[in-house]
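K.L.:
Output the structure for:
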Amino acid sequence: MRLSDFNGFRGIPADSGVLRGGISNTAGGSLRPIGSFGRIPQGETSRNWGSEWKKAAVKYFDKIAMLGVFEMDHLAYKHNYVDLDPTYTDKWGDPLLRITVDWTEHEQRQRAFAAEVAGKIARQAAKIAGGRVVGGERGGRASRRYQTAEYATTHVQGGAIMGAAPENSVVNSWLQHWQVSNLWVIGASSFPQNSSSHPAVTSVALTLRAADALIERYVKKPGALA
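P.N.:
Here you go, the predicted structure:
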């Protein structure tokens, strides 16, 4: 179940300091049989393994739901970029792609806002269902810096963004490189910033648009399309 009431500009208080909101994914404990196994209330067992833990995991398997803290829009910043790594290379000796990205105070405000909303929803849902809220708000313990030791997001996009002019973008709206007309960069690398929603459908739409332009326009008359 997805909650989109606070996506984009909707539902965001003017004095919150939050420019863009996001979505929240909620799922029952039995969504993924293996990945969701072991979700039990804190303090239910003395350790997170063994027969006692397995018994509790089976007991709560279809009795517990997870309210995910919102996936928020991530705005574009100059300090977030990709370049060629000066140290690490692939097996052919070519430099690997290096991603430099970090959160700002805006992302901290987004997280605080999302945790507050998620907490209200969880408490109201528990009240209606006759249940109780277990566990803490993960947003309060998350790192203030972007890191990959604990899952944050795998939808890191951008790097070859599209735009209306070569001065501030890499490809045009057809995903064609501004300076090399026979080079087309396909995928979410063209996104100027990261939406709260999953990027797959938008990437497919842009790919189909680019393919149509390549076949119907570029092949017939090679050159810049914009």
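
K.L.:
I'd like the next helix or strand past the longest strand along the chain.
P.N.:
Counting residues, the longest strand found in the chain (DSSP state E) is strand 81-89. On the C-terminal side of strand 81-89, the closest following helix or strand by DSSP states H and E is strand 95-100.

K.L.:
Run me through the strand neighbours of that next one, direction for each.
P.N.:
strand 81-89 (antiparallel) (DSSP bridges).

K.L.:
those helices in this protein, which residues are they?
P.N.:
51-60, 105-129, 200-213 (DSSP state H).

K.L.:
Pull out the buried positions in the second one.
P.N.:
Burial within helix 105-129, assessed by neighbour count using 16 or more other C-beta atoms under 10 Å, is assigned to His106, Glu107, Gln110, Arg111, Ala112, Phe113, Ala114, Ala115, Val117, Ala118, Gly119, Ala122. In short, each C-beta sits where N, CA and C put it, glycine included.

K.L.:
Now do the same contact list for the last one.
P.N.:
Put plainly, it is Ala122. Each residue near Ala122 by C-beta atoms under 8 Å, 6 or more residues apart in numbering is listed here: Leu67, Val133.

K.L.:
Residue ranges of each domain in this protein, please.
P.N.:
In the assignment given by automatic domain parsing, the structural domains of the chain cover 2-75+104-140, 155-226.

K.L.:
Least confident of those, on average?
P.N.:
Looking at the domains of the chain, the lowest mean pLDDT belongs to domain 2-75+104-140 (a mean of 84).

K.L.:
quick one: which of the buried residues of helix 105-129 is nearest to His74?
P.N.:
Using C-beta to C-beta, Glu107 is the member of these that lies nearest His74, at 7.2 Å.

K.L.:
Just to check, the closest one is in contact with Met72?
P.N.:
Yes: the pair formed by Glu107 and Met72 meets the contact definition of C-beta atoms under 8 Å, at 7.3 Å.

K.L.:
what about stretch 134-146, how long is it end to end?
P.N.:
For stretch 134-146, the first-to-last residue distance is 26 Å (C-alpha to C-alpha, to the nearest Å).

K.L.:
ugh, wrong one, I meant stretch 188-207
P.N.:
End residues of stretch 188-207 are separated by 10 Å (C-alpha to C-alpha).

K.L.:
Same check on stretch 157-167?
P.N.:
Start-to-end, stretch 157-167 (C-alpha to C-alpha) is 20 Å.
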